[in-house]
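**Student:** fold the stuff below for me.
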Amino acid sequence: MRVIKWVLVVLAVLALAVFLAARLGFLEGPPPADLGVRDGRLKPPSDTPNSASSQAHRYPGHPMRVYAQVEPLRYTGDPVLAQERLRQTVATMGGARIVTSRPGYLHATFTTRWLRFVDDVEFAFDPAAGVVHVRSASRLGRRDFGVNRERVEAIRERFGG
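**Tutor:** This is a model prediction of the structure:
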């Protein structure tokens, strides 16, 4: 009985330590320095199952190519208006913060409520194809349990593409 009490105390202290570390920003992870569009491509998917990308197919030898693949967002009409609509869509989602918004490119972060994990989401407009390529990836951790894919699909539904 005494051992069980100590185990419970240790678990409670560990949980409190993780919560405090999260609140102090230790679980955010460093911002990636290599985001953006290069040669018409967003950064490749993560090497572990914690990202989603509409351009994963453009990296044929990538180990997470199949896992990460999602469809790009589709739009019709003026790409400038579509980008503003996408920016507004993302900005209204819980935990979202717009980091960069320039013609043809949008970068946002999503921060989880309790542990303050940060995911980076990028959008690159391809007006000729009428699509918006997207990449969403966790900064920390090896797995995201499908969170990035779910976020992309939620954005797709709200954006209407």
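**Student:** can we go C-alpha only for contacts and neighbour counts from here?
**Tutor:** Fine.
**Student:** once you drop chain neighbours, what's closest to the spatially most central residue of the chain?
**Tutor:** Central residue of the chain (C-alpha atoms, centre = their mean): residue 136, 3.1 Å from the mean position. Using C-alpha to C-alpha, 6 or more residues apart in numbering and skipping residues adjacent in sequence, the residue nearest residue 136 is residue 121, 4.2 Å away.
**Student:** in the sheet, who's paired with the one you found?
**Tutor:** Assessed by DSSP bridges, residue 121 has beta-bridge partners residue 108, residue 136.
**Student:** could you list the domains of this structure?
**Tutor:** The chain breaks down by automatic domain parsing into domains covering 1-29, 31-159.
**Student:** report the rounded mean pLDDT for the longest one.
**Tutor:** Spelled out, that is domain 31-159. Mean pLDDT, domain 31-159: 96.
**Student:** gap between the residue lying closest to residue 146 once chain neighbours are set aside and residue 64?
**Tutor:** Nearest residue to residue 146 in three dimensions, chain neighbours excluded: residue 50, at 7.3 Å (C-alpha to C-alpha, 6+ apart). Shown here: residue 50 relative to residue 64, a distance of 9 Å by C-alpha to C-alpha, to the nearest Å.
**Student:** who has more neighbours out of the two?
**Tutor:** Ranked by neighbour count (other C-alpha atoms under 10 Å), residue 50 and residue 64 place residue 50 first, with 25 against 22.
**Student:** the more buried one touches residue 137, doesn't it?
**Tutor:** Yes. At 6.0 Å, residue 50 counts as touching residue 137 under the criterion of C-alpha atoms under 8 Å.
**Student:** on that earlier part again, so what's the residue nearest to residue 136 up against?
**Tutor:** Residues in contact with residue 121 (C-alpha atoms under 8 Å, 6 or more residues apart in numbering) are 107-110, 134-137.
**Student:** let me know the closest of those to residue 4.
**Tutor:** residue 110 (38.2 Å; C-alpha to C-alpha).
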